[in-house]
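Chemist: no FASTA, just this:
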């Protein structure tokens, strides 16, 4: 059975990319011809899907390139840089859509509900097809792209509802209201992506990893007496990195190597694929001092009382 982490998803992503790009152009044209800001807003959402698919495809392609002396980690961080730029662009696009929606609320413009409905129905079919291509993967890149498209599918349903409402009632005010709603959805997605990229750039502990659980899992390995000076961060969206000092009184080299391999095997459960473990027979004083200052005030006061 093929391991999902190493399965090549580039082919379905390329197909999804082509379909999404084609309909992005159709939706922009349909929005301009029908006068529907909601369709143009949905096209902006679809543009985010397009960019997300490009990120996934680019990340997978670049990840295949071997590291070099100048780029020892390879090109994994390109994915994060592109996601950061993408989130900024999405915020700018959504700001423009919100401004246009406000202007149309003040000065309503005619909207061709029939054409809007046809384009929106095609958009829903396209999104469902792309979701089918991407569903079922455990790869984080593919899953993030899938969630993007799922959000756009919801937007397409909303546009269809708006088109039906305009066609039967002639109340074009539904168009700017809906476009504003879609713009807010884009803002929420963009802020989430921006936050995640900043967490990775600043090398914070990954949100998906429980720091205390990782340390507890490491210290539960037979022969390990303590773990300190732990630094845990993300190289990219699906590769976590750790370096730590492991304190043990075991002096036998083979047993120490077995402990190291056991720890690394457990770390893979947290998607920690790169680990640097420094084994110590005597706990380093500077590391213990740093950790002591990081203790909570009530812990320190409790120790003082005991003394």
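Modeler: Perfect, thanks for sending it. Worth saying up front: this structure is predicted, and the values here are computed from it rather than measured.
Chemist: List the buried residues for the helix or strand residue 54 falls within?
Modeler: Using DSSP states H and E, residue 54 falls within helix 37-63. Of all the residues in helix 37-63, those buried under the rule 16 or more other CB atoms under 10 Å are 37-60, 63. Backbone N, C-alpha and C define where each C-beta goes, glycine included.
Chemist: same question, stretch 177-195
Modeler: By 16+ other CB under 10 Å, the buried positions in stretch 177-195 come out as 177-180, 182-183, 185-187, 189-190, 193-194.
Chemist: Pick the one among those residues closest to residue 120.
Modeler: residue 178 (10.5 Å; CB to CB).
Chemist: if I read this right, the closest one contacts residue 162, doesn't it?
Modeler: Yes: taking CB atoms under 8 Å as the definition, residue 178 is a contact partner of residue 162 at 4.4 Å.
Chemist: what's the overlap in contacts for the two?
Modeler: Residues touching both residue 178 and residue 162 (CB atoms under 8 Å, 6 or more residues apart in numbering) are residue 38.
Chemist: can you give me the helices in the stretch 151-300 of the chain?
Modeler: Taking DSSP state H, counting those that start in this stretch as the criterion, the stretch 151-300 of the chain carries its helices at 174-201, 211-219, 253-267, 285-293, 297-306.
Chemist: average model confidence for the fourth one?
Modeler: Read that as helix 285-293. Mean per-residue pLDDT for helix 285-293: 49.
Chemist: Contacts only, for residue 243.
Modeler: 229-231, 275-278.
Chemist: Just list whatever residues bridge to it.
Modeler: residue 231, residue 276 (DSSP bridges).
Chemist: How about the one 4 residues further on?
Modeler: When bridges are assigned using DSSP bridges, the partners listed for residue 247 are residue 226, residue 280.
Chemist: Find the nearest non-adjacent residue to residue 61, please.
Modeler: In space, and not counting its chain neighbours, residue 61 is closest to residue 10: 6.9 Å by CB to CB, 6 or more residues apart in numbering.
Chemist: Name the next helix or strand downstream of the one helix or strand residue 95 maps to, please.
Modeler: Here residue 95, judged by DSSP H and E, is contained in helix 77-106. Sequence order places helix 113-134 as the next helix or strand after helix 77-106, per DSSP H and E.
Chemist: helices and strands around that next one, which ones?
Modeler: helix 10-34, helix 37-63, helix 140-169 (3 or more CB pairs under 8 Å, 6 or more residues apart in numbering; DSSP states H and E).
Chemist: Just send the ones you listed back as CSV, with distance to residue 264 and mean pLDDT too.
Modeler: Shown next, in CSV, are the helices and strands packed on helix 113-134 (distance: least, CB to CB, whole Å; pLDDT from 0 to 100):
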stretch, distance to residue 264, mean pLDDT
helix 10-34, 29, 85
helix 37-63, 20, 77
helix 140-169, 21, 75
